[in-house]
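Asker: Would you be able to build a 3D model of this:
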Amino acid sequence: MLSTKVGIPLLRKPGGSLCTSNQQTADILADEFYHNYSKETFGPFIQSSTHHKNFLSTISITEENIKATLEEIARRKSAPGPDNITCQLIAACLDEIVYPIYLIAKSSFEESILPPQWLTANVTPIYKKGDKFSPKNYRQINLTCIICKVLETIIFKQMLTFLLNEKIIPDCQHGFLPGRSPISHMLICVNDWTLALDSNQPIDTAYLDFSKAFDRVPRERLLFKLHCAGIKDNLLNWIRAFLTNRSFRVRVGSDFSQSKSVLIGVPHGSILGPLLFLVFTSDIPTQIQSNIAMFADDIKIYSNPITYPSQLQKDLQTIRHWSDAWLLPLNEEK
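Answerer: Numbers count the residues shown, from 1 in each chain. This next block holds a predicted model:
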């Protein structure tokens with residue numbers, strides 16, 4: 001079997017023949033990943049009446065938090081992104097680069113301009129299951145620029161503190177948050193279910209998730225929700241720039257695909273992407289009456305069918321309406 005140096009076979013083209021080079025394989029995968037992204041439908045959408053009085057419009061960027069973040073990132077030993085700057089390089093000259101990176105980060109935030117490489121990602125394809133020759137059976141791991149992650153991390157920490165203090169992110173959300181995990185998510189559910197069963201009470205439960213959730217978040221609607229949550233002015237403008245003009249290219253062996261634009265979604269491989277997703281879905285619990293537990297885009301809703309005979313079905317319909325209104329489709333296969 002012909003294969004690439006990284007263990008990916010030369011994939012099947014749409015016509016059925018096999019690719020003859022890593023370059024063709026990379027392009028086939030890039031086309032497949034690109035099709036995961038849809039274009040945002042512009043036009044009127046739900047105008048939330050909830051606007052938080054408190055707001056966060058700026059971020060404190062200092063040489064001290066730049067250095068602390070560089071030290072933190074250097075310890076992760078993450079793979080480099082399109083700028084080829086490695087964690088090892090950062091560790092080797094950390095003290096010397098603190099001030100230049102401070103100037104770059106501060107200028108980027110104040111002017112809402114990001115270097116072009118910060119908006120790109122190198123994609124490593126990872127086999128999932130099924131036919132190894134089909135590009136549909138690969139998922140993407142996005143590698144973004146480490147220096148951008150320095151600024152993202154500083155923004156993330158200050159945004160997260162604000163969002164938690166303002167109770168924007170609901171208590172039932174366990175994804176991507178400090179002190180919460182899949183285990184805490186499951187323990188909450190099991191505890192509630194056990195208490196009900198110990199009282200001889202039935203529990204109806206529905207499991208939901210969104211289809212390719214990170215890829216499908218509509219950006220204008222996301223920015224609107226951020227504004228409603230109190231993210232304003234310079235910070236909102238920087239996030240808009242962070243989401244705009246993004247692209248990726250797939251790497252197979254030493255070859256790269258043609259670059260592909262990303263017009264929708266929150267960036268894979270980024271520090272801020274998960275937090276932006278949590279803000280986008282943060283109002284779901286306020287729409288329903290059933291108990292709810294969330295881990296990122298995985299949702300469980302449950303209620304007592306005797307005490308509340310039709311509540312679960314009503315809430316499922318409510319979530320369906322939310323999904324339609326905010327253009328984040330539910331996964332129909334689950």
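Asker: And the strands in the stretch 51-200 of the chain?
Answerer: Using DSSP state E, counting those that start in this stretch, the strands of the stretch 51-200 of the chain run over residues 120-127, 138-143.
Asker: And the contacts of the last one?
Answerer: The one in question is strand 138-143. For strand 138-143, the external contacting residues (Cβ atoms under 8 Å, 6 or more residues apart in numbering) are 8, 29, 32-33, 78-82, 121-128, 248, 250, 267-270. C-beta coordinates here come from the backbone N, C-alpha and C atoms, glycine included.
Asker: Wait, Ile306 touches Ile203, no?
Answerer: No: no contact is recorded between Ile306 and Ile203 when judged using Cβ atoms under 8 Å, the distance being 10.1 Å.
Asker: neighbour count winner among these two?
Answerer: Taking other Cβ atoms under 10 Å, Ile306 and Ile203 do not tie; Ile203 has more neighbours (17 against 9).
Asker: neighbours of Leu11, just the number please.
Answerer: The local packing of Leu11 (other Cβ under 10 Å) involves 25 other residues.
Asker: typed the wrong thing, it's Leu327
Answerer: Applying other Cβ under 10 Å, we find 16 residues neighbouring Leu327.
Asker: Next one: it from Phe210, what distance?
Answerer: In this structure, Leu327 and Phe210 are 11 Å apart, going by Cβ to Cβ, to the nearest Å.
Asker: how about the helices of the chain, start to end?
Answerer: Along the chain, the segments classed as helices by DSSP state H run 22-34, 63-76, 87-92, 94-111, 146-165, 182-198, 213-216, 219-228, 233-243, 272-280, 284-287, 311-325.
Asker: would you list these in TSV and tack on distance to Ile301?
Answerer: Conversion of those to TSV gives the following (distance: least, Cβ to Cβ, whole Å):
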stretch	distance to Ile301
helix 22-34	31
helix 63-76	36
helix 87-92	41
helix 94-111	39
helix 146-165	23
helix 182-198	10
helix 213-216	17
helix 219-228	21
helix 233-243	30
helix 272-280	18
helix 284-287	9
helix 311-325	6
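Asker: need those helices in JSON lines with distance to Asn331, mean pLDDT and mean neighbour count, can you?
Answerer: As requested, those are exported to JSON lines (distance: least, Cβ to Cβ, whole Å; pLDDT from 0 to 100; neighbours: other Cβ atoms under 10 Å):
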{"stretch": "helix 22-34", "distance to Asn331": "18", "mean pLDDT": "95", "mean neighbour count": "21"}
{"stretch": "helix 63-76", "distance to Asn331": "31", "mean pLDDT": "96", "mean neighbour count": "16"}
{"stretch": "helix 87-92", "distance to Asn331": "35", "mean pLDDT": "95", "mean neighbour count": "14"}
{"stretch": "helix 94-111", "distance to Asn331": "36", "mean pLDDT": "98", "mean neighbour count": "16"}
{"stretch": "helix 146-165", "distance to Asn331": "26", "mean pLDDT": "98", "mean neighbour count": "20"}
{"stretch": "helix 182-198", "distance to Asn331": "18", "mean pLDDT": "96", "mean neighbour count": "13"}
{"stretch": "helix 213-216", "distance to Asn331": "9", "mean pLDDT": "93", "mean neighbour count": "19"}
{"stretch": "helix 219-228", "distance to Asn331": "19", "mean pLDDT": "96", "mean neighbour count": "19"}
{"stretch": "helix 233-243", "distance to Asn331": "23", "mean pLDDT": "99", "mean neighbour count": "19"}
{"stretch": "helix 272-280", "distance to Asn331": "15", "mean pLDDT": "98", "mean neighbour count": "22"}
{"stretch": "helix 284-287", "distance to Asn331": "15", "mean pLDDT": "96", "mean neighbour count": "15"}
{"stretch": "helix 311-325", "distance to Asn331": "10", "mean pLDDT": "96", "mean neighbour count": "16"}
